[in-house]
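# need the 3D shape of this:
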Amino acid sequence: MRPGRFDRRVTLDLPDSNGRRQILEVHSKNKPLAKDVDLVRVAKRTIGFSGAELENALNEAAIIAARADRSEITAHDIEEAATKVTMGPVRRSLKRSEEELKLVAVHEAGHAVVAQLTPKSDPVHRVSILSRGNAGGVTHFLPADEDRITSRSRLLSRLVVALGGRAAEEIVLGDITTGASSDIEGATNLAKAMVQKFGMSEKLGLVRYGDSDANYWSEIKDYSEDTAKVIDEEVKRILNEAYIKAKAIIVENRAKFDEVVVQLLEKEVLESDEFAKLFGVEDPEKLV
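Numbering: from 1, shown residues only. Alright, predicted model coming up:
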């Protein structure tokens, strides 16, 4: 890669929303799509998909429709296929107790309800308590835009939503479980980046501390132990404040929360329009 070795280097990034829509249009030309299929919406839903994964998702959706003896591919088929591509098939063989199902429903309802009622959060796209891979359930969101630059308020809202599942467990079940481990890990990494990388701590100011992209053990610490202590305090403060907000939202909207849990236990999956109706929202993609 030394100068003079190659005249030109071409970087192929993953397609953006418009690129994904065009790829979907190509691969759907010979596939009968139902009227409820909106490729623009599908493109928003498939952030991070490569062209091959988009093709795979449409082929998988066609298989789902064929197995159901339908002549058209529905929006539900594509959603199921996209979820299967990223998380694997539904583990139907896994037998779960009523207690575990309620736990998963409470946890996912926590994410969804907190997201619905948190300003600047991404709209809820789908809530499911079906087990896939190592996940007991999942809540999908539909970002309004693929922002390369994100505001502090948007990042804080993501933290509140990320901790909504754990908050729901504590308030509704009176106990906490290991189900929020990945949520806590993701929230911690984001809060740490806000403090060390993005200069979003008033205490620490506009300084980058260490290599926050490195893992814990290999991080280069170019700051004192006193500063390290302040960093830890700031990360903990940001997470605690987000957790308090998440709990407050659930407590203040407990009746609506309980209704979401009941619907999840009954239907297993709530699509965006079904979830939005519970809150009297006509446009499920509208930000709070």
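
# which residue ranges form the strands in the stretch 1-150 of the chain?
124-128, 138-141 (DSSP state E, counting those that start in this stretch).

# helices or strands up against the longest helix seen in the chain?
Secondary structure assigned by DSSP state H gives helix 225-252 as the longest helix of the chain. When contacts are defined as 3 or more C-beta pairs under 8 Å, 6 or more residues apart in numbering; DSSP states H and E, helix 225-252 sits against helix 98-116, helix 152-162, helix 164-168, helix 181-196. Glycine gets a C-beta too; all of them are placed from N, C-alpha and C.

# circling back to that earlier point, could I get the strands of the stretch 1-150 of the chain as CSV with mean pLDDT and mean neighbour count?
What follows is the strands of the stretch 1-150 of the chain, written out as CSV (pLDDT from 0 to 100; neighbours: other C-beta atoms under 10 Å):
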stretch, mean pLDDT, mean neighbour count
strand 124-128, 93, 24
strand 138-141, 92, 21
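
# could I get those in JSON lines, plus columns for distance to residue 46?
Compiled in JSON lines, the strands of the stretch 1-150 of the chain are given as follows (distance: least, C-beta to C-beta, whole Å):
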{"stretch": "strand 124-128", "distance to residue 46": "11"}
{"stretch": "strand 138-141", "distance to residue 46": "11"}
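
# to residue 40, which of these lies closest?
strand 124-128 (13.7 Å; C-beta to C-beta).

# could you check the angle helix 98-116 makes with the closest one?
Relative orientation of strand 124-128 and helix 98-116, computed by axes from the mean of the first three to the mean of the last three C-alpha atoms, to 10 degrees: 180 degrees.

# wait, which of the strands of the stretch 1-150 of the chain is closest to residue 227?
Going by C-beta to C-beta, the one of these nearest residue 227 is strand 138-141, 34.6 Å.

# separation between the closest residue to residue 78 other than its chain neighbours and residue 125?
Nearest non-adjacent residue to residue 78, counting by C-beta to C-beta, 6 or more residues apart in numbering: residue 61, 4.5 Å away. In this structure, residue 61 and residue 125 are 16 Å apart, going by C-beta to C-beta, to the nearest Å.
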